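Chemist: coords below, sequence missing:
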DNA sequence: CCGATATATGCTCACATTGAGCATTTACCC
DNA sequence: GGGTAAATGCTCAATGTGAGCATATATCGG
């Protein structure tokens, strides 16, 4: 009855990885050059087709990433499978063939590029997502363009819906900024034609990427920003020993907002996420900080805590 | 560089849907008969292969579901793409060919089966997930078998890890029950060989399904149980007008735990999720309740609230 | 009509969590 | 030795959460 008839479809299945790290208080993503792309879209995520030799999707992904970047992956999590033929402007998808991509999120500890892979800041691709220095001034230009798009809607009702979405995702007057809505913001910019991936000629909304890789990256950032709140995944990005200050700066780099220092420490402490080591560190001026390490045991304990980010502080 | 070479792979891509509803305080899933399956595995989810005629994955899914069940889908969300060749014991996957399935979660309002599709209770497939009447007695037998499996590990370290996982997912002595870990519990039972999908001959852990459809269903239940806490998705399952008592019983049915009535009402009220209608209803004995309706406007408001389930009450 | 029973609904209270800030400690730099 | 920069310790008000008590308003069986 529901037995698939193994004749009809033979789509291409691609695997792609958003490999994330945090070095020197800056969140990074591992990128590779992509040939044959339109101007300004020559950067992409490590990716490759699923091959018969791959025992599982994830193993196939790991193989491609190692081949292309030399990076071996630790924490890996499936993100989403993208299949919109319509979205594909970068090559594939001709005829009735589907080009389907399974995207993954990977977290790694260190940044040592290999081959022609390079680490880039997340905010190269999403400059408006970094609010650590307050609301980026460039955001005004963006929302102006978005509102212009909303105003150009065919009927008033559609225009109102567009305005609502802009307010919801970019944080209207009264409403706040939700740092998890990375994908929704990118989708809005895409629909409004403000990104090169959708035909725009300027890079007002950040550096473009090949295929729909920037959409995958947006998905990854949103997922990670959400996940650090209820799972201790930040520690996948930290060195074995770190200070609470470093930990906080990494969390701030990932989430793009600043946090209240004392409350952050209280949270980490009462969740039992870390334990002290004997060592302290000198750092740049100020009182030396104690080096901490992640308490692996929390993975076996009850509520499996994360770092519920508070609402942030002014800056 | 990372350009996929369109030669190597031509995997079969399937689409499958866990279509969920809640009728008469019981959570339901729409199932179809599946031919050619081993004994006791003749039930499955609506599914079919991705076809070139399908413009997008989701549109392909909707087409298959309507063809097989007559049900048209409202809320649809992608769950996960399953691709483990090894897991596939039910037919496909021979040779080096991958059989890849993109699973979806769908929420619908009413239950009116068509063709030979039937609505079944979730708890037919996961009896141990229903704790509304307290801890199910059958759970003891299950955890006994699981602990036996842990004890039969090749080395003590592995056995300890297994015991830890059992305690974590099924709620050990001191630790509580986390209703969202449906998939982890099923995976554990699978690994322990306690489900027919993994070769077991009895149905101690609930009714089996064709292929890996029960795994997909577990993924769907876990996702929905999590999502109702931070998005107002329950209302996709409710009729246009309902009482707070009905709403609570649906939430309890989905999550499998009982809630404190007064606190539930306070939560719903202060989140502004519903508004009163003029009507009241008679019901079965007791004071008549006011009929409420979902406030669609909340979708446009700030924190996009859900129904954070409290820890539950004894029962 | 009366009381028993079953929900619905209103309200209180102790306790935990959260957002914000003040104060002190301990290093380095000049 | 004084100035500067973090790290660390503590307090306090506001809010949120878990549990119950009390009241309102139906139906049902005599």
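Modeler: Sure, I can see it. Model, not experiment: these values are computed from the prediction.
Chemist: only C-alpha atoms for contact and neighbour calcs from this point on.
Modeler: Noted.
Chemist: part of a strand, is residue A:120?
Modeler: Yes - assessed by DSSP: H, G, I helix; E, B strand; the rest coil, residue A:120 belongs to a strand.
Chemist: so what's it up against?
Modeler: Residue A:120 makes contact with A:28-31, according to Cα atoms under 8 Å, 6 or more residues apart in numbering or on different chains.
Chemist: so who does the residue nearest the centre of chain A touch?
Modeler: Closest to where the C-alpha atoms of chain A average out (Cα atoms, centre = their mean) is residue A:221, at 2.0 Å. By Cα under 8 Å, 6+ apart, residue A:221 lies in contact with A:180, A:182, A:254.
Chemist: can you rerun that using 10 Å?
Modeler: By Cα atoms under 10 Å, 6 or more residues apart in numbering or on different chains, the contact set of residue A:221 is A:18, A:20, A:27, A:29, A:105, A:122, A:129, A:179-183, A:215, A:227, A:254-255.
Chemist: from the residues you listed, which single one is nearest residue B:204?
Modeler: Within the contacts of residue A:221, the smallest distance to residue B:204 is 34.1 Å, found for residue A:227 (Cα to Cα).
Chemist: quick one on the thing from earlier: next one: the residue nearest to the centre of chain A from chain B, what distance?
Modeler: In this view, residue A:221 and chain B are 18 Å apart by Cα to the nearest Cα, to the nearest Å.
Chemist: picking that back up, can you tell me which of the contacts of residue A:120 lies closest to chain B?
Modeler: Proximity of these to chain B (Cα to the nearest Cα) peaks at residue A:31, which lies at 10.4 Å.
Chemist: Flag the shaky bits of chain A, pLDDT-wise.
Modeler: For chain A, the stretches with pLDDT under 70 are A:1-11, A:84-98, A:111, A:173-175, A:284, A:302-305, A:308-315.
Chemist: number of nearby residues for residue A:142?
Modeler: 17 (other Cα atoms under 10 Å in any protein chain shown).
Chemist: what does the one 10 residues further on give?
Modeler: By other Cα under 10 Å, 12 other residues sit near residue A:152.
Chemist: Skipping its backbone neighbours, what lies nearest it in space?
Modeler: Leaving aside its chain neighbours, residue A:152 sits nearest to residue A:159 (7.2 Å; criterion: Cα to Cα, 6 or more residues apart in numbering or on different chains).
Chemist: tally of neighbours for the one you found?
Modeler: Neighbour tally, residue A:159, other Cα under 10 Å: 18.
Chemist: My read is that residue A:35 contacts residue A:42, right?
Modeler: Yes - between residue A:35 and residue A:42 there is a contact at 6.3 Å, judged by Cα atoms under 10 Å.
Chemist: More neighbours: those two, which one.
Modeler: Using other Cα under 10 Å, the more surrounded residue of residue A:35 and residue A:42 is residue A:42, with 17 against 14.
Chemist: mind listing what that one touches?
Modeler: A:32-36, A:208-211, B:1.
Chemist: same question, residue A:277
Modeler: When contacts are counted by Cα under 10 Å, 6+ apart, residue A:277 touches A:241-242, A:290-293.
Chemist: so which residue of the stretch 101-250 of chain A comes closest to DNA strand D?
Modeler: Closest residue of the stretch 101-250 of chain A to DNA strand D, Cα to the nearest atom of the strand: residue A:245 (4.1 Å).
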